[in-house]
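Peer 1: Task: produce atomic coordinates for the following.
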Amino acid sequence: MACIDHQPPVKILVVDDHVLVREGLCQVLKGIDESVCVLQAGTCAQAFAAAQSHADLDLVLLDYHLPDMNGLDALGIFGQRHPELPIIMLSGSVNASVMRQVVRSGAAGFVTKSSLSEELLRAIRQVLDGGVYVPQELDHPNAPGLLPDEFSDKPALTQRQELVLRGLIDGRSNREISESLNISDETVKTHVTAILRHFSVQNRTQAVVAAARRGYRGSSNL
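Peer 2: This next block holds a predicted model:
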């Protein structure tokens, strides 16, 4: 699908090796906005090139099974090259173990291809709002944790670190957090590093997931 000339409200990259699936997703994504800009890629190599060429991407829908690379490996590369870019993983199979692994690896959400269009749109809206979409199978009170609960012996976050964490949960950039708290970008980075270490995670999305499971909420939810 070609992108319109003026700046669209949302730009999404769909990565799937089946043309019909990509075209179907393009139609579903119109539920976000009629003017949504959808880019398509049939391989991870094409997806990486598209992400490099379009720095204004808002979201990636990434298939778990791709011909040139496993979706989890691709997720890791996206995380290294574009750490602020949210990824929703799509899969044709429902496997709680895979779901947990995907979310642990930094995905902002997991949606099965058998889900209704409304669920996918709900997940996309939640992620675009800075949240993390946890599948119902993993959001049940008796479901195994997404991340190891190893925080009992760790010191609590400082008050300032908690404020930065709430900014992360709200989907704010380091610059936005620094402006709202009247601190430097470097200070925010230091706090983010401490937050990642506290939750034993590697990126911001994983930190948000871990924090949500621990009961933390964004400042907009206070």
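Peer 1: From here on, just use CA atoms for contacts and neighbour counts.
Peer 2: Fine.
Peer 1: all strands of the chain, in order?
Peer 2: Taking DSSP state E as the test, the strands found in the chain are 11-15, 37-41, 59-63, 87-91, 109-112.
Peer 1: Can you give the strand pairings for the third one, parallel or anti for each?
Peer 2: Okay, so that is strand 59-63. Strand 59-63 sits in its sheet next to strand 11-15 (parallel), strand 87-91 (parallel), going by DSSP bridges.
Peer 1: quick one, domains of the chain?
Peer 2: Following automatic domain parsing, one gets these domains for the chain: 11-128, 159-221.
Peer 1: Just the mean pLDDT for the longest one, thanks.
Peer 2: Mean per-residue pLDDT for domain 11-128: 90.
Peer 1: Begin at 163 from now on, thanks
Peer 2: In the new numbering, first residue 163, that becomes domain 173-290.
Peer 1: center of this protein - which residue?
Peer 2: Closest to where the C-alpha atoms of the chain average out (C-alpha atoms, centre = their mean) is residue 270, at 2.4 Å.
Peer 1: Look up how far residue 367 lies from it.
Peer 2: Plainly put, residue 270 is 6 Å away from residue 367 if you go by C-alpha to C-alpha, to the nearest Å.
Peer 1: Common neighbours of the two, please.
Peer 2: Both residue 270 and residue 367 are contacted by 248, 294, under the criterion C-alpha atoms under 8 Å, 6 or more residues apart in numbering.
Peer 1: rewinding a little: okay if I get the strands of the chain as a markdown table plus mean neighbour count and distance to residue 342?
Peer 2: Converted to a markdown table, those look like this (neighbours: other C-alpha atoms under 10 Å; distance: least, C-alpha to C-alpha, whole Å):
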| stretch | mean neighbour count | distance to residue 342 |
| --- | --- | --- |
| strand 173-177 | 23 | 27 |
| strand 199-203 | 22 | 31 |
| strand 221-225 | 25 | 25 |
| strand 249-253 | 24 | 26 |
| strand 271-274 | 24 | 27 |
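Peer 1: can you put the ones you listed in JSON lines and add distance to residue 347?
Peer 2: Shown next, in JSON lines, are the strands of the chain (distance: least, C-alpha to C-alpha, whole Å):
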{"stretch": "strand 173-177", "distance to residue 347": "27"}
{"stretch": "strand 199-203", "distance to residue 347": "31"}
{"stretch": "strand 221-225", "distance to residue 347": "24"}
{"stretch": "strand 249-253", "distance to residue 347": "25"}
{"stretch": "strand 271-274", "distance to residue 347": "27"}
